[in-house]
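In: pasting a predicted model and its sequence here:
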Amino acid sequence: MLRILLFTLATLFAIPAQAELHEVEMLNRNAQGPMPYAPDFLRIAPGDTVRFVPTAKGHNAATIDSMLPEGATPFKSRLGEVFEITLTAPGIYGIKCSPHFAMGMVMLIAVGDAPLPPTLPQDLPPRARQRFDEILARIPAP
Ligand SMILES: [Cu+2]
């Protein structure tokens, strides 16, 4: 009995926390308005994976250069394809749909307990800035 208990404890401590998979739909419209990611905000653990699903055609997911954490690798998925990315570098990632950036198709991903950005970069299209402002006003601080 003791051996079983010790084995169980050793197994529990040997396995790191299970990395999670988070799904984001890419849509043409929902209650948030046109061209949304759903959800448009995720807070995930370092090592978790985000799967972008093209529920509607013609969308993708790409990092925004001015909203990429230090040490993070930029990415850009192909239009209309399911895309999975594992994020390890902590921080706040701004994500855009390449063809619909100007229409405000953006989302935020917080990896780890990174604080939310106090200001947004200057180079955002007005509608992207507006949607980021809406997201930031809605979500709780870490
Ligand atoms: Cu799009």
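Out: Received the coordinates, thanks.

In: show me where pLDDT drops low in this structure?
Out: Along the chain, segments meeting pLDDT under 70 span 1-16.

In: residues in contact with stretch 127-139?
Out: Stretch 127-139 is contacted by residues 32-33, 40-41, 94, 96, 101-108, 116-117, 120, 124 when judged by CB atoms under 8 Å, 6 or more residues apart in numbering. In short, each C-beta sits where N, CA and C put it, glycine included.

In: drop the exposed ones from those residues and show what's left.
Out: The neighbour count (16 or more other CB atoms under 10 Å) marks 32, 40-41, 94, 96, 101, 104-108, 124 as buried among those.

In: among those, which one lies nearest to the ion?
Out: Among those, Met105 lies closest to the ion (CB to the ion), at 4.4 Å.

In: now the closest one: how far from Ala61?
Out: 10 Å (CB to CB, to the nearest Å).

In: now the common contact residues for those two.
Out: 37, 96-97.

In: now name the helix or strand holding the most centrally placed residue in the chain.
Out: Compute the mean C-alpha point of the chain, and by CA atoms, centre = their mean the closest residue is Ile109, 3.2 Å away. According to DSSP states H and E, Ile109 maps onto strand 106-111.

In: that strand near the ion anywhere?
Out: No - judged by CB under 5 Å from the ion, strand 106-111 and the ion are separated, with a smallest distance of 9.8 Å.

In: which residues sit against that strand?
Out: For strand 106-111, using CB under 8 Å, 6+ apart, the contacting residues are 24, 37, 39-46, 48, 50, 64, 69, 87-97, 116, 128, 131-132, 135-136, 139, 142.

In: what strands flank that strand, and is each parallel or antiparallel?
Out: The strands beside strand 106-111 in its sheet (DSSP bridges) come out as strand 41-44 (parallel), strand 91-96 (antiparallel).

In: thanks a lot, catch you later.
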